[in-house]
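Q: quick check, what structure comes out for this input:
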Amino acid sequence: MIATLMPRFSKVLWRLPGAAVVLLVACLGAEAQEVTATASFNPPQIGAGQIGTYVVELSGIHSAPNFSPPSVPGLAMPSQPSGRSTQMSIINGEMSASISLQFQVQPAQTGSYTVPAYTITANGKQVSVPAATLAVTERPPTAPDLLTLTVSTPRKEVYVGERLPLDLTLNWRADVHPDLSGCLTLDNDNFESVHLSGNPDQTSTIIDGQRYGTATFHTFITPLKSGPQTVHFTQPLVVTMPGQNNDFVGNGMGGFVFSRQEQVNLQSPGIDLNVVSLPMDGRPANFTGAIGTFSVQEPSLSSADLQVGVPVTLTLNVSGQGNFDRLRAPTLNLGSSWRTYPPKDSFKAQDPSGYHGDKTFDYVVMPMSDQTSELSGLEFNFFNPETKSYVELPLKAIPVTVKPAAPGQSVPLPAIASSPTEPTKPQLIGLHTEAGSWQPPQPRLMLTSVYFWAAQAIPAAVFASFVMVRRRKLRLEDDPVYARRLRARQQATHAAAKARASAAKGSAAEFYEDAQRALQEAATADRLDTATALTWQEFDAHLAANGVDLATRQQAQEIFDAGDALRFGGFAPNEKDLAAAANRLDNLVQQLLGRV
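A: Just a heads-up that it's a prediction; the model follows:
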């Protein structure tokens, strides 16, 4: 037959593309081949509820015949194939072609299901399809489901606040294609939310002749409450899987695999954890909250040239693995020779989850005495969950040489932008009189007239006002203490009002600047020197000498320290903090003004 057909088409073969020529020749060669059929299940064993594939492969044929496998009780199978593919090969000049037809099946229960042998018509001939058997078990130990989600942790005991590493593994059969479509969720409110970040580790393996894909995400879980806890994870997926609809993709030459997309919420088996609190025995008084394994570089100063009253930066770097998000700045116990401010911190992650990384703390410190020879009292601590113990790392002291303050320089209070305003000078109201015309006596007595007394009172009031203003002006000129007290009261009240307005609009920098100035003016209203020129020691000593109690002085110092922490450190008050500070400021200003 080939000899008859080939001359007829020899004149047009050269016009066809190479692939088309090969396909055409394969089809002509297939006409002369014997048609055979095989049948099997892939995989041959599945678990109850899983989906398998019934495969019929026809060799020596170029187009698939139309047939339906026999029905089997308890085994759901469509009458038409859900996918098909065509394969062609040339061996020693001999061409062969085959077609594979796939039917998705799903058993109703465990047991053995056999599709019996049957006969189909292909190329005008009767072809026998052999029987095939599918075994269905409760849960096959070797073959996973179409899609599975598993979770593993290195330990089952975890501490409150600890970042416990978590491996989340997604398995899928090769003929499905999962795509993450949403955030991973967990069903336990006693844990922080888990986020998948970075690219997973991907591999593939063959189980019972079936290829499976695997993607493992490395993340962490943080418990918030102690006690036995069970956690399930749910991951939303969009899954493209074989099916029967109008969507299809090409698969090789002449073959098409039909597919469909489904939204799947894949849930993991429960993982049991024993969450315990950190032990109190051996816990450092200034525990940083760090749980993991950490190391610390020796601290360093931004400058070796130190001077009393001049701030410098102290840098401390912590590296390792653990809960960096809960790691608080180590406390500095530098003594009275140093003034410290809350630090600013920065974090550099070494992995997408932030479990490994480096955290840097930058403190602003200020030497207060030129007798200081070292910066000591630095230490870092953490809890090691592997050894179940606290680790304390004392750090070496930093030798320093501190120069005295420059001549005329004092250790200043926080720098306040000084913009004193002169009080408004009283304006004299000039006397204005006019001669009136003579009126004859009236029967009514003028002493009983309201207008008479009002007319008499106005000049008297004007004269009294003139006298008071004049006396006040003379006192302001002759009594500098009184003038200073009056001016300080006005400036303190004005600065306190500005501070309240700054707090209301959430401007922390402006609030603390105005608050410090209000306290300085209110507390030193009886001093002739400038309030902002006083050192803190002089300022505090002045309050104590004027009978201001220790609690009030400490409240004033809190406002000064907060202003310093805002400028030099990492202090970041919110609107609630500012509102509370504004109320304390009003009380302090009134108390201090009441003493002058």
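
Q: and the nearest residue to Arg339 once chain neighbours are set aside, how many residues sit next to it?
A: Spatially, and ignoring its direct neighbours in sequence, Arg339 is nearest to Met366 (4.4 Å; CB to CB, 6 or more residues apart in numbering). Just so you know, the C-beta spots here come from the backbone N, C-alpha and C atoms, and that holds for glycine as well. By other CB atoms under 10 Å, the residues close to Met366 number 18.

Q: in which helix or strand does Met366 reside?
A: strand 356-367 (DSSP states H and E).

Q: so Ala499, which of the three states?
A: Three-state call for Ala499 (DSSP: H, G, I helix; E, B strand; the rest coil): helix.

Q: show me what contacts the closest residue to it other than its chain neighbours?
A: Spatial nearest neighbour of Ala499, excluding adjacent residues (CB to CB, 6+ apart): Asp514 at 3.8 Å. Counting by CB atoms under 8 Å, 6 or more residues apart in numbering, Asp514 makes contact with Ala495, Ala496, Lys498, Ala499, Ser502.

Q: tell me which strands the longest strand seen in the chain pairs with, and in which orientation.
A: As assigned by DSSP state E, the longest strand anywhere in the chain is strand 94-107. Using DSSP bridges, the strands paired with strand 94-107 are strand 52-59 (antiparallel), strand 75-76 (antiparallel), strand 83-91 (antiparallel).

Q: Gly547 is nearest to which of those strands?
A: Comparison of these against Gly547 by CB to CB identifies strand 52-59 as nearest, at 92.1 Å.

Q: mind listing residues that contact stretch 276-287?
A: Here stretch 276-287 has contacts from 157-161, 226, 291, 330-331, 333, 379, 381, 383, 388-390, 392, using CB under 8 Å, 6+ apart.

Q: how far does stretch 327-347 sit from the chain's center?
A: Counting by CA atoms, centre = their mean, to the nearest Å, stretch 327-347 is centred 24 Å from the centre of its parent chain.

Q: what of stretch 111-128?
A: The answer for stretch 111-128 is 61 Å, by CA atoms, centre = their mean.

Q: what does stretch 212-222 give?
A: 20 Å.

Q: same question, stretch 299-313
A: 34 Å.

Q: most neighbours among the contacts of Asp514, please name it.
A: Ala499 (28 neighbours).

Q: so what's that residue up against?
A: Glu510, Phe511, Tyr512, Asp514, Ala515, Ala518, Ala582, Leu585.

Q: how close does the second one sit to Val364?
A: From Phe511 across to Val364, the span is 20 Å (CB to CB, to the nearest Å).

Q: more crowded one of those two?
A: Under the criterion of other CB under 10 Å, the comparison of Phe511 against Val364 puts Phe511 first, with 29 against 21.

Q: got the contact list for the residue nearest to Val318 when sequence neighbours are not counted?
A: Nearest non-adjacent residue to Val318, counting by CB to CB, 6+ apart: Lys359, 4.9 Å away. Lys359 sits next to Asn317, Val318, Ser319, Phe324, Leu327, Asp345, Ser346, Phe347, Lys348 when contact means CB under 8 Å, 6+ apart.

Q: tell me the helix or strand right after the helix or strand encompassing the third one.
A: Ser319 is part of strand 312-322 when elements are defined by DSSP H and E. Scanning forward in sequence from strand 312-322 by DSSP H and E, the next helix or strand is strand 338-340.

Q: quick one: mean pLDDT over that following strand.
A: Across strand 338-340, the average pLDDT comes to 86.

Q: what's it in contact with?
A: With CB under 8 Å, 6+ apart as the criterion, strand 338-340 contacts Leu332, Leu334, Tyr363, Val364, Val365, Met366, Pro367, Met368, Thr372, Leu375, Asp564.

Q: got it, and stretch 296-314?
A: 315-319, 332, 362-370, 375, 378, 380, 393, 395-396, 398, 400-406, 409-412, 568.

Q: which residue ranges form the helices in the chain?
A: Ranges of helices in the chain, per DSSP state H, are 2-13, 18-32, 450-478, 480-504, 508-523, 536-545, 550-568, 575-593.

Q: run the chain-centre distance for the fifth one.
A: Shown here is helix 508-523, whose average C-alpha point lies 35 Å from the average C-alpha point of the whole chain (CA atoms, centre = their mean).

Q: show me which residues of it are buried.
A: By neighbour count, with 16 or more other CB atoms under 10 Å as the criterion, the buried positions of helix 508-523 are 508, 510-523.

Q: what's the angle between that helix and helix 575-593?
A: 10 degrees (axes from the mean of the first three to the mean of the last three CA atoms, to 10 degrees).

Q: helix 508-523 vs helix 550-568, what angle?
A: Going by the same axes, to 10 degrees, helix 508-523 makes 150 degrees with helix 550-568.

Q: how much space between Pro279 and Ala290?
A: Applying CB to CB to Pro279 and Ala290 gives a distance of 15 Å.

Q: so the two - more neighbours on which side?
A: Ala290 (25 against 12).

Q: in terms of pLDDT, where does the nearest residue to that one once chain neighbours are set aside sit?
A: Excluding its sequence neighbours, the residue lying closest to Ala290 (CB to CB, 6+ apart) is Phe382, at 3.7 Å. Looking at Phe382, its pLDDT stands at 96.

Q: Phe382 reaches Arg328, doesn't it?
A: No: using CB atoms under 8 Å, Phe382 is not in contact with Arg328, being 10.8 Å away.

Q: pull up the overlap in contacts between those two.
A: Looking at what touches both Phe382 and Arg328 (by CB under 8 Å, 6+ apart), the common residues are Thr288, Ala290.

Q: quick one, which of the two is more surrounded?
A: Phe382 (25 against 12).

Q: so what sits opposite the more buried one in the bridge?
A: Val391.

Q: what residues are up against it?
A: Thr288, Ala290, Ile291, Gly292, Thr293, Phe294, Gly322, Leu327, Tyr390, Val391.

Q: which residue is the nearest non-sequential neighbour of the third one?
A: Right, the one you point to is Ile291. Glu162 (4.3 Å).

Q: buried subset of the contacts of stretch 276-287, written for ChimeraX?
A: Selection of the buried residues among the contacts of stretch 276-287 in ChimeraX, burial being defined by 16+ other CB under 10 Å:
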select :158,159,160,161,291,330,331,379,381,383,390
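
Q: near the spatially closest residue to Gln104 that is not a sequence neighbour, how many other residues are there?
A: Distances taken as CB to CB, 6+ apart place Ser82 nearest to Gln104, at 4.8 Å, with adjacent residues excluded. Around Ser82 there are 22 other residues, counting by other CB under 10 Å.

Q: so, low pLDDT: which residues of the stretch 251-400 of the chain?
A: For the stretch 251-400 of the chain, the stretches flagged by pLDDT under 70 are 251-260.

Q: and if we set it to 80?
A: 251-264, 304, 377 (pLDDT under 80).

Q: now render the contacts of strand 338-340 as CSV, adding distance to Arg211.
A: Output for the contacts of strand 338-340, formatted as CSV (distance: CB to CB, whole Å):
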residue, distance to Arg211
Leu332, 59
Leu334, 64
Tyr363, 57
Val364, 60
Val365, 62
Met366, 67
Pro367, 69
Met368, 72
Thr372, 71
Leu375, 63
Asp564, 65
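
Q: now, which of the residues you listed sits nearest Ala97?
A: So of these, ranked by how close each gets to Ala97 (CB to CB), first place is Tyr363, at 78.0 Å.

Q: quickly list what the closest one is bridged to.
A: Leu314.
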